[in-house]
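In: Turn this into a model:
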Amino acid sequence: MRKLFFIPIIGFIMMFSGCEVEEPEDVDKPKKMAKVAVLVTEGFHDGEAYMPIGYLTNKKVHTLVIGPETGKVKAYNSDFTINIHKTIKDVSVDYFDALIIPGGRAPSKLREDEAVVGFVREFYKSGKPVAAICHGPQVLITAGVMEGKTATGFEGIKEELLEAGVDFKDESVVIDANLITSRTPPDLYDFSRAIYKSLDPEKWEKKVEKKEKIEKEEKLEKEEKKEEEEK
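Out: Numbers count the residues shown, from 1 in each chain. Model prediction:
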């Protein structure tokens, strides 16, 4: 089963030209969809970053890769890379609707960065969804927001989670208020779906439909005006 699961993951990653994520839109441009931050640095897990991004993009959700510094970083488990488009200092919690923290070796580096930890703490306290998979919860532990929470994570950090006051559950996805956690790559579908549902998709779908309707009406109005001028 484990081998069968990794086939679609590898296939999905191969879809990305040049082994890296397509350049995201500028953070300063207005968006008509939900906006999700994906927090990574050198040593991230390729599937745990790419799969949620792909799932959400397919659902018309805008994702923006952020980190301590801008530039290309490499996955620890493959030769795939991802481009960090904005630094933590370049963005604000208010801009986003959710935060994703993939696992791998990156979380151990992210938790050593005070600016990153502060951003994660502020994001969690805002009440917006924060999703972490595998080693991702380590950053939340350092941020001091895990005590009394029900969560899961990679088996190797179970003791650390318990010491932080977490009620650990060995389940594919665990949701406690605005906290979403998962264990490992085989849980990625449940993890990604839980993130999408936390965004209140019906609200965003209606918003997108309304925006598209307005744009269509404006385009039609311009065409009619152009026809009148040409007469």
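In: what does the model give Pro24 for pLDDT?
Out: With respect to pLDDT, Pro24 scores 45.
In: correction: Phe5
Out: 45.
In: Over to Lys32?
Out: 55.
In: got it, and the one 4 residues further on?
Out: Val36 is assigned a pLDDT of 97 by the prediction.
In: That one should be in a helix, yeah?
Out: No. Read with DSSP: H, G, I helix; E, B strand; the rest coil, Val36 is strand and lies in no helix.
In: So what sits opposite it in the bridge?
Out: Thr63, Ala98 (DSSP bridges).
In: what residues are up against the nearest residue to Phe44 once chain neighbours are set aside?
Out: Closest residue to Phe44 apart from its sequence neighbours, by C-beta to C-beta, 6 or more residues apart in numbering: Ala106 at 4.1 Å. C-beta coordinates here come from the backbone N, C-alpha and C atoms, glycine included. With contact set as C-beta atoms under 8 Å, 6 or more residues apart in numbering, Ala106 has these partners: Val40, Thr41, Glu42, Gly43, Phe44, His45, Val73, Tyr76, His135.
In: from what I can see the last one touches Phe154, true?
Out: Yes. The pair His135 / Phe154 is scored as a contact, 5.6 Å apart, by C-beta atoms under 8 Å.
In: More neighbours: which of the two?
Out: His135 (27 against 21; other C-beta atoms under 10 Å).
In: Wait, Pro107 touches Ile101, no?
Out: Yes. Between Pro107 and Ile101 a contact is recorded at 6.6 Å, counting by C-beta under 8 Å.
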